[in-house]
Structure formats: C-alpha cells, structure tokens
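A.B. asks: make a model of this:
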Amino acid sequence: MNLQSHLLFRIAAVALACLLADSVYVLQKSHRQTLQTIQTTAESLGRQLEFQLLRIDAGFGQPRTFPDFSLWKETAGVPGLCIRFEPADNTAVKSLCNGAKLSPHGSPESFASLYRALFAPGLEIARPVAFKGRVQGTLAVSSSAEMDIAQAWSDVRNLLGLSALTILAVCLPVYLSINRALRPAGVIVAGLETLREGNLAHRLPMFELKEWAQTAAAINQLAAAQQQLLAERQKLAVQLIDLQEQERRYLARELHDEFGQCLAAINAVAASIIHTAERECPELIEEATRIIRISEHMMTHVRSLLGSLRPAEFDELGLAASLNSMIAGWNKHGAGKIRYESNISGDCGTLPEPQAIALFRIAQECLTNSAKHSAANHVEVTLTVAEERATLTVRDDGIADTLPFPEGPGIGLLGIRERVAALQGQLTLSIAEPHGLKIEVVLPMRRAAEPGCAAMAASAAGSFSPWRES
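C.D. replies: Numbering: from 1, shown residues only. Down below sits the predicted model:
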C-alpha cells in the first residue's frame, strides 16, 4: 500500500470511527429523549388525575368518569405511548394507547436486535396517584418498542446519509491534495535509484514544500559526502594495491636472491659431500642424497611461491607473457583434465602498471576459483586492449547456473571487486550458455610505455614453464 492510499485509508477510518461515535451518541440521545418523554407524560397525566379527584371531591365531577384520559388523548403529541391506570381497589383497569403509523421502510433486523440488546426498548414508568394522603391507584406509562426502534433507526439513517456525503466531500479534495503533495516522493525515489546504481554525481532538485526540500537537501549532502568518501577510498585502495605489489616484488626478489641462492649452495655442498663420501665414507652418501632431495623440494616450493608473488616474466616481458605462462602452468598442473586457453588482442603497451597488475591478479584469481569450484572442462581467458579501455573475460563451462552465489568464507570475488572499484572499472558476472560462469572486467586505461602485446605474444609463443628456474 502506498503512502497516498495509506493516508486516505486513515482519514476514512477516522471518519468512520467518528461516525460510529456519533451513531452511539444519537442512539443514546434518542433513548434518553424517550425516557424523558415517558417521565414527563407520567408526571403530567398523574397531576391531571389528581386534579380530577379534587374536582370530584368538590362536587364538580362524577366518580364514574374517573379516570378521564380524554384531555391527554386530545393534547398528546408523542406517538407510541400507552397509559394504564390500575385502581387501588382492584376494579377494572383502564388503558389507552396513542398509536402511530410505522414507516414502510422498517429498520433492519440486525439493527433492531442490536438496539434491543443495548437499550431494552419498551420502557414503562409507574406513578402512584394519591389524594388526601391515600393512594387511589397506579398510573403506568410505557412506550412501544417498535416505535422506539423505528425512531432510533430514522435518526441514525439520517445521520449516516449526511455523514456519507460529508466523508465523500472531504476525501475527494484531500485525495487530490495528498496526490500533489506526494508527487516529489516519486522524484526522490528515482533519484535514490540513480544514486544506488553508482551515479553519485546526481542531485535532487529543490521542492516547494519545506519537508521535501529538507529531505532533498539531506540526500544531496549525503550523496556529496559519499562521492568524496568513494573518491578517497578509491585513492586509498590504489595506494594499498600498489603497496601490496611492492611488498610482493620485494619478497619475490628476496626469495629468489637469498633463499634460492642458499638452497643452491646447500645442493652444491651436498653434492660435494657425496663426491667425498664415495671415496672415504660411503655411509654418508644416503644422508647427503636425502639433503639434496629436501633442498630440491624446497626449491620447487620456492619457485611456486615466486610464481604466485611476482612472475618473473611480468617484469621482464610484460602482461601477455605472464598470462601465457600462467595458462601453460595451469594446463600442465591440470594434466589434461581441464583445458585452459588464452586469447590476447590489442596493444598492451598502453596499459600502465596498476591496470596490468590488476588484470593479471584478476585472471589469476578467476583461474584458481575455476579449478576449485567450477568442475569445468574448458576455461577461456580473453584480453582485449582498446584505445580507451581494457576488457578481460574469463569464461568456463562449469556447473554454475544461477546468480548470485551463496555467501561463503572466501574473499576471491570480494578481492576482484575491490581491485576493479579502485581503478574505477566495471565488474559483470553472468551465466554462460548453456551453463558455467562468465566474468567480465572493464578497466579504463591510460597510455604507458610498455612492449606491445604482439611482441609479447611472439616472445611467449615458445614453451613457458609456470615458474622461472633459478
């Protein structure tokens, strides 16, 4: 339910509640008027009968004519009242009713039942008639239940008709006023959708109503603050990524130059021990051989770490060679179970180092995720470098068939998204046909002096091992 309908519904509900309260008040008033009429009639008629007794006692009337209701009958203006006089000596009871014609449109049965339950119509009030200190009889005045209900229904029906017209007369202009007053809400929602899509430069107009104008001003201030915060965050993310790559470059160089050289020296010393032991102490040959195996295992592990931290091809030959080398390594590692392909086009020399590093790391993360989770048979990596942007697409034929993915402990996609956002790029995830995952990354680019992709591809055309030998 929208706000306009909600407000109109509330207004109508309040009006109906007021109508209900008015109806109860009218019914109570009608009941009190009936009771007051009965009491007044009983008091007036009782005095008339006492006056008749006074006249009879003075010799101006005949006892046989008592009680005489003719005067009440001629002057009574309230229909539906009945009077009854019961003499104290238990002689004949005399009664009289002032009848009235009921409306052909009778009250509903439900209303009659409700009125009977609430007010018990057909009231009767008894009054003693006394003369000279002696009770001569009892006068009873009662109302007709049907007439009470009919009168109450007439009053309520008139009220309902008037109230219905009043509610309609009020709700129509209120509806039009609310519709006009809430029109800026649609503009605000559309503006928020634009901001949600990432266009933080969008601003809302100022509105006529003070409340909407304050809301628009607050949203514009929030958008400006978020725009500044996003710019600062992107700048910080670029610096952090650059710092991370510098640390990786430093660690790779230290592992290669120090740890690698030490392992090579251990191998040389172990080989020398074997050579000497063959002549002087053959028992040491097995121990020295074990040292060589351990050092070779450590060397293999160090080469793997070097490939993850900073491929040697990246600094020497560039992005294309590194991608081709990584693809070759994955094909070798997969032993034919998964076929990896690369397709590089365009001039990679236009890519500065942050974009080149980001594209390589994103491709590296995508291949790792495909190997772990996709159960794919074929993975294709496509890099297209154009004049204004670079597009990296990684597509597999794995088991993915729905998006979004359920949240898990991994941070692979989160890291990719952070890298792309830091470089003001775009990340798109979609389901490939007929199944599998397609990841597309578009990064804006600037000119940089690097070897072209064609030259890199030619250099990488030979057999590249996934890790550089020491």
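A.B. asks: helix, strand or coil for residue 355?
C.D. replies: helix (DSSP: H, G, I helix; E, B strand; the rest coil).
A.B. asks: doesn't residue 424 make contact with it?
C.D. replies: No: counting by C-beta atoms under 8 Å, residue 355 does not reach residue 424; the two are 10.6 Å apart. From N, CA and C alone the C-beta is placed, and that goes for glycine too.
A.B. asks: could you point out the longest strand of this protein?
C.D. replies: Identified as the longest strand of the chain according to DSSP state E is strand 134-143.
A.B. asks: which other residues reach it?
C.D. replies: Applying C-beta atoms under 8 Å, 6 or more residues apart in numbering, the external contacts of strand 134-143 come out as 34, 37-38, 41-42, 45-46, 49, 53, 67, 80-88, 121-130.
A.B. asks: counting only strands, which of the residues you listed make the cut?
C.D. replies: 81-87, 124-130.
A.B. asks: select only the buried ones of these in PyMOL?
C.D. replies: Those of the ones in strands among the contacts of strand 134-143 that count as buried under 16 or more other C-beta atoms under 10 Å are selected in PyMOL with:
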select buried, resi 81+82+83+84+85+86+87+125+127+129
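A.B. asks: which of the ones in strands among the contacts of strand 134-143 sits closest to residue 439?
C.D. replies: residue 124 (91.4 Å; C-beta to C-beta).
A.B. asks: what's the burial count for the nearest residue to the closest one once chain neighbours are set aside?
C.D. replies: Leaving aside its sequence neighbours, residue 124 sits nearest to residue 142 (C-beta to C-beta, 6 or more residues apart in numbering; 3.7 Å). Per other C-beta atoms under 10 Å, the neighbour tally for residue 142 reads 20.
A.B. asks: and if you look at residue 359?
C.D. replies: 27.
A.B. asks: which of the ones in strands among the contacts of strand 134-143 sits closest to residue 337?
C.D. replies: The closest of the ones in strands among the contacts of strand 134-143 to residue 337 turns out to be residue 124 (C-beta to C-beta; 102.6 Å).
A.B. asks: now do the contacts for that closest one.
C.D. replies: Contact analysis of residue 124 by C-beta under 8 Å, 6+ apart lists 38, 140-143.
A.B. asks: for the residues you listed, give me TSV that also has pLDDT.
C.D. replies: Shown next, in TSV, are those (pLDDT from 0 to 100):
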residue	pLDDT
38	83
140	85
141	83
142	80
143	79
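A.B. asks: in JSON lines: these, plus distance to residue 170.
C.D. replies: Formatted as JSON lines, those follow (distance: C-beta to C-beta, whole Å):
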{"residue": "38", "distance to residue 170": "39"}
{"residue": "140", "distance to residue 170": "48"}
{"residue": "141", "distance to residue 170": "43"}
{"residue": "142", "distance to residue 170": "42"}
{"residue": "143", "distance to residue 170": "37"}
